[in-house]
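# here is my input, please return the structure:
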Amino acid sequence: MSEKRRDSKGRVLRNGESQRPDGKYMFRYTDSTGERHTVYSWKLVSTDKLKEGQRNSQALRGIEKRILKDLDDSIKTQELNEVVVEAQMQQTSATSSTYIPNKKQKSSAQNAVDLLQQLAIPQITINLVDNAVTTISGQNVAIYINYLPASSQEIEGLLSADVRRVEYLDFPTDPRFNGSEHVVNFIMQRYEYGGYTKLTINENFLVGLSNRASVYSKFAYKRMCYDLYAGTSNHDNKHGGTSYIGKYTIQDKDGVAQDITRSEILTMHISSTTNSR
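Numbers count the residues shown, from 1 in each chain. Predicted coordinates:
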């Protein structure tokens, strides 16, 4: 009888579990399509304490539980000859959540961030001032388009009508996400030839009067995809203020009068900037 495998704390490891020399735990499994996957965590169970410098994440046993349940549901579904309903708007698995926007959501969205607001993905929150996308706990969410990091110009220039689905992933193991802990990935229609040009004009009254105009073009030609962007922005911020000057006469310990002047001044600041690129 072979000896049971144990971690550095003497706990018995289950099938598929292992611990690296640096102390990090791994779980390897094969999905219903035969593809091998590996997930990682510094904690085996939720009560484990992290050492300094170790990044917090869900415990390995918790991740395993979700994965094994998902695999079990997948096997049962295959045994029942699963019928895929194309109109389904949301699919959730152990590793990701997938959202399929409907026509109304696409037509109401001007860009990628607008579409995320329309989808109301529960794992993320969007700052209405700077359109920053974060998790509920405030961690940064990386934005990708077809598994490639998206620039701010691509996020603004995204054509919502071309979105096939939107994926949200926590701690993805796919190397294409460059180690990002939280990811939104837009799966877009791919053009063989042709493309689109999009004109965007925005005005913002939340942080002073500002406006922005941009033109974004995306087209495919001879197996190559090209992106062109041009934009201009104007910001006009005004701040009013007041000033106070007070004069006081007091006596020191020897009874000699001392004059003191106190000034509090808040100056008015007016700025106007225009940028183009």
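
# bridging residues for the spatially closest residue to residue 92 that is not a sequence neighbour?
Of all residues not flanking residue 92 in the chain, residue 98 sits nearest, at 7.5 Å (C-beta to C-beta, 6 or more residues apart in numbering). For every residue, glycine as well, the C-beta is placed using N, CA and C. When bridges are called by DSSP bridges, residue 98 pairs up with residue 91, residue 167.

# before we move on, what about residue 18?
What pairs with residue 18, by the bridge criterion (DSSP bridges), is residue 26.

# just the helices in the stretch 1-150 of the chain please.
Remark: helices assigned in the stretch 1-150 of the chain by DSSP state H, counting those that start in this stretch are 60-79, 103-108, 112-119.

# out of those helices, which is the most enclosed?
For those, the largest average neighbour count (mean count of other C-beta atoms under 10 Å) is found in helix 112-119, namely a mean of 20.

# per-residue confidence averaged over it?
The pLDDT scores in helix 112-119 average 90.

# list the helices and strands that helix packs on?
Contacts defined by 3 or more C-beta pairs under 8 Å, 6 or more residues apart in numbering; DSSP states H and E place helix 112-119 against helix 103-108, strand 124-126, helix 152-157, strand 163-170.

# turn these into a markdown table, including mean pLDDT.
Listed next are these as a markdown table, based on pLDDT from 0 to 100:
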| stretch | mean pLDDT |
| --- | --- |
| helix 103-108 | 89 |
| strand 124-126 | 90 |
| helix 152-157 | 86 |
| strand 163-170 | 92 |
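
# closest one to residue 45 among these?
Closest to residue 45 of the helices and strands packed on helix 112-119 is strand 163-170 (C-beta to C-beta; 18.6 Å).

# okay, the angle between that closest one and helix 60-79?
With axes from the mean of the first three to the mean of the last three C-alpha atoms, to 10 degrees defining the directions, strand 163-170 sits at 140 degrees from helix 60-79.

# list the pairing partners of the helix or strand following strand 163-170 within its sheet, with orientation.
Heading C-terminal from strand 163-170, the first helix or strand you meet, by DSSP states H and E, is strand 182-188. Using DSSP bridges, the strands paired with strand 182-188 are strand 142-145 (parallel), strand 163-170 (antiparallel).

# how about the nearest residue to residue 181, chain neighbours excluded?
Excluding the flanking residues, the one nearest residue 181 by C-beta to C-beta, 6+ apart is residue 171, at 5.7 Å.

# tell me the mean pLDDT for stretch 230-242?
Stretch 230-242 shows a mean pLDDT of 61.

# same check on stretch 187-207?
The average pLDDT within stretch 187-207 is 68.
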